[in-house]
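A.B. asks: Need a 3D model of the following:
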Amino acid sequence: MLGALGVLAFSMSLPATRVAVERLDPWFVAFGRAVGAAVLAAVYLRFTRAPRPNRTQWRRLAVVALGVVAGFPLFTSLALRDETAAHGAVVVGVLPAMTAVFAVLRAGERPPGTFWLASAGGLLAVLVFLGASGTVHGGLSLADLFLLAAVVLCGLGYAEGGALARELGGARTICWALLVALPVTVPVTVAAAVAAPPHADGPGWAAFGYLTVVSMFLGFFAWYAGLARGGIARVGQIQLVQPVLTMTWSALLLSESVTTGAIAAALAVLVFVVLTQRTRAAGGAPAEVADGGMAGEVVAGGVSATVDARSRAR
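C.D. replies: Next comes the predicted model:
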């Protein structure tokens, strides 16, 4: 459920980015939202009196920041200047597989063969759907290369963050990563604002606000807590549903076309997601996850939900 809540939050990231970069400089969108989220993170960490990470955790937080605070926002912002959010959903379909690969390389997880078969089936269903809907066209463009770079870095950030959340907790992992990135995000944001002073209408600022508060902050509270509890590779496959959700938001908010095959594709993807959730990775997530004694803390829409990992372990 935590993973699904995170995916729901992230599913509007590409449409919101598309709206924002049509009105604001993409460098300002990518790094400005990280600065805004860092302010919220500082308040949260101060309010919860979170202990500082140790030296090893700081280094790992830098990897998280590279992937999800800087890399993914920057490259998707650059790509969506020229491509639609629906087209961007094609590459997002590859993200769960990339996350699973990094879960093996960075988190030491070893999913069984049935997991990889179910994951491949879900990925194939997504790609067939997107290809049939007409979002895949021609060869690789510069925008496609930007999107591929975004996926690789995001998969790294997801896997490293999910593993680190077992020690720090989901909320604290993204909060500390946002603060680690400040020496980069602040200067770039200021430079972008000076070079192209930000001027946008209501929808532009609303999209930027969504990216700041939800995509860059609250969504990770649930996402990293879910990865830590359920295993990075396994829970990461829930994101196979995200392209279908993104296509839906793109149609509703941006009037981008979505084929009637979306329903069939969504059902097929859900079947494969269920199969991946029924597999158990050898040496998966530990029974107890640190977050001040909590497995995950989710704050969204004024609602706070906490889960006690120790009672689950017992």
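A.B. asks: quick one: Trp205 from Phe28, how far?
C.D. replies: 12 Å (C-beta to C-beta, to the nearest Å). (C-beta placed from N, C-alpha, C; glycine too.)
A.B. asks: okay, the two: which has more neighbours?
C.D. replies: Neighbour count, other C-beta atoms under 10 Å: between Trp205 and Phe28, Phe28 has more, with 26 against 16.
A.B. asks: Leaving out sequence neighbours, find the closest residue to the more buried one.
C.D. replies: Ala192 (4.0 Å; C-beta to C-beta, 6 or more residues apart in numbering).
A.B. asks: With Leu254 instead?
C.D. replies: Pro15 (5.8 Å).
A.B. asks: thinking again about what came up before, could you check how far the residue nearest to Phe28 is from Val128?
C.D. replies: In terms of C-beta to C-beta, Ala192 sits 39 Å off from Val128.
A.B. asks: Looking at the two, which one has more neighbours?
C.D. replies: Higher neighbour count among Ala192 and Val128: Ala192, with 20 against 14, using other C-beta under 10 Å.
A.B. asks: what residues does the helix or strand hosting that one touch?
C.D. replies: According to DSSP states H and E, Ala192 maps onto helix 182-195. The set of residues external to helix 182-195 that reach it, using C-beta atoms under 8 Å, 6 or more residues apart in numbering, is Asp25, Trp27, Phe28, Phe31, Gly32, Ala34, Val35, Ala38, Val69, Ala70.
A.B. asks: For the helix or strand just after it, buried residues please.
C.D. replies: For helix 182-195, the succeeding helix or strand toward the C-terminus, using DSSP H and E, is helix 202-210. Neighbour-count burial for helix 202-210 flags Gly204, Trp205, Ala207, Phe208, Tyr210 (criterion: 16 or more other C-beta atoms under 10 Å).
A.B. asks: Show the subsequent helix or strand relative to the helix or strand where Val128 lies.
C.D. replies: Val128 is part of helix 113-132 when elements are defined by DSSP H and E. Using DSSP H and E, the next helix or strand after helix 113-132 towards the C-terminus is helix 142-168.
A.B. asks: Can you point out the buried residues in that following helix?
C.D. replies: 143-144, 146-168.
A.B. asks: ditto for stretch 98-115
C.D. replies: Buried residues in stretch 98-115 (16+ other C-beta under 10 Å): Met98, Thr99, Ala100, Phe102, Ala103, Arg106, Ala107, Glu109, Pro111, Phe115.
A.B. asks: what does the helix or strand hosting Val91 rub up against?
C.D. replies: Per DSSP H and E, Val91 falls inside helix 85-92. Counting contacts by C-beta under 8 Å, 6+ apart, the residues outside helix 85-92 that touch it are 14-15, 17-18, 76, 79-80, 127, 130, 133, 135-136, 143-144, 147-148, 150-151, 239, 242-243, 246-247, 249-251, 254, 256-258.
A.B. asks: Any of those residues buried? List them.
C.D. replies: 14-15, 17-18, 76, 79-80, 127, 130, 133, 135, 143-144, 147-148, 150-151, 239, 242-243, 246-247, 249-251, 254, 256, 258.
A.B. asks: ok, the buried residues of helix 202-210 vs Ala181, which is closest?
C.D. replies: Nearest to Ala181, judged by C-beta to C-beta, of the buried residues of helix 202-210 is Phe208 at 17.6 Å.
A.B. asks: Setting aside sequence neighbours, what's the nearest residue to the closest one?
C.D. replies: Counting by C-beta to C-beta, 6+ apart, the residue nearest Phe208 is Ala20, at 4.9 Å.
A.B. asks: and that neighbour, what is it in contact with?
C.D. replies: Counting by C-beta under 8 Å, 6+ apart, Ala20 touches Val29, Ser77, Ala200, Gly204, Ala207, Phe208, Leu211.
A.B. asks: Closest one of the residues you listed to Gly93?
C.D. replies: Nearest to Gly93 among the contacts of Ala20: Ser77, at 19.5 Å, using C-beta to C-beta.
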